[in-house]
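[1] Following is a predicted model, sequence given first.
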Amino acid sequence: MPGKYWDSIVDIALDNGGYVTPALATHFAIPAVELRKMVSRGTLTAAGRGIYRVPSLPIDRHDEYIYARLWAMGRGVLSHDSALVVHELCDINPNVVHITVPTAYRLQRSGGQRYAVHHCDLPSNEVTRIEAVVVTTIPRTLRDSLSTVPGYLVRQAVATARERGAIPEVTQVQLLDQLTSITTR
């Protein structure tokens, strides 16, 4: 029997791609020490510094992106190239996970070459959630991608977004004009 906190831990993990952190557990009055005890008993696995996984839950298809947000202490939002993947807008295969954190937030841990960290104070209307992934909205993702993604992929992403009705025609024209001005510099 996993213990008195187990049902709450599973609820947290279900909402976060199978993961739980001390910060998330605090909202349910679960002391951080209980998470470490569960690791020693084998009911949780340590996925990273301060990040734990419920091993009985399936791994989410966007596992690396969910983990990235938790790595940034829950302050990060998937963005740029990585957001294009989550929104399924083009045929991009990023070699790093792009995450945007608030301007004043400084990460106290190194992600090495695994993460591209961007700093920006995103308004709430430019952030959305797709399943367990917190990600920039399609219009914001497209604007961010202008500076980090090859032009042919941006054009593909803009066309896909327009076909889905995720952006109006005027936004499509503006984005393509901005792309042209960037590539002709």
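    It's in.
[2] and the residue most central in space within the chain, what are its bridge partners?
    Per C-alpha atoms, centre = their mean, the C-alpha nearest to the average position across the chain is that of L78, at 3.3 Å. Taking DSSP bridges as the rule, L78 bridges to I99, V135.
[3] now it: how far from W6?
    Here the criterion is C-beta to C-beta, to the nearest Å. By it, L78 lies 29 Å from W6. The C-beta positions use only the backbone N, C-alpha and C, and glycine is treated the same way.
[4] Run a quick neighbour tally on E131.
    12 (other C-beta atoms under 10 Å).
[5] repeat for C90
    21.
[6] cool, and S145?
    Neighbour tally, S145, other C-beta under 10 Å: 26.
[7] element containing the closest residue to it other than its chain neighbours?
    Distances taken as C-beta to C-beta, 6 or more residues apart in numbering put V154 closest to S145, at 5.5 Å, once the chain neighbours are dropped. Assigned by DSSP states H and E, V154 belongs to helix 151-164.
[8] what's the angle between the helix or strand immediately after that helix in the chain and helix 151-164?
    Note on helix 151-164: by DSSP H and E, the next helix or strand toward the C-terminus is helix 169-183. Interaxial angle, helix 169-183 versus helix 151-164 (axes from the mean of the first three to the mean of the last three C-alpha atoms, to 10 degrees): 180 degrees.
[9] Mind listing what's buried along helix 169-183?
    Applying a neighbour-count criterion of 16 or more other C-beta atoms under 10 Å, the buried positions in helix 169-183 are 171-172, 174-176, 179.
[10] same question, stretch 54-71
    54, 60, 62-71.
[11] picking up where we left off before, and the residue nearest to S145, how far is that from N93?
    The value you get for V154 to N93, if C-beta to C-beta is used, is 15 Å.
[12] Could you single out the nearest of the buried residues of stretch 54-71 to L24?
    Distance to L24, by C-beta to C-beta, is smallest for L70 among the buried residues of stretch 54-71, at 8.3 Å.
[13] need the contact list for the closest one.
    By C-beta atoms under 8 Å, 6 or more residues apart in numbering, the contact list for L70 reads 16, 19, 21, 48, 51.
[14] What sits closest to it if chain neighbours are left out?
    That would be I51: by C-beta to C-beta, 6+ apart, it lies 5.0 Å from L70.
[15] Quick check, pLDDT for the one you found.
    For I51, the model assigns a pLDDT of 94.
[16] quick one, helices of the protein?
    Counting by DSSP state H, the chain has helices at residues 6-15, 22-26, 32-41, 63-71, 80-87, 138-145, 151-164, 169-183.
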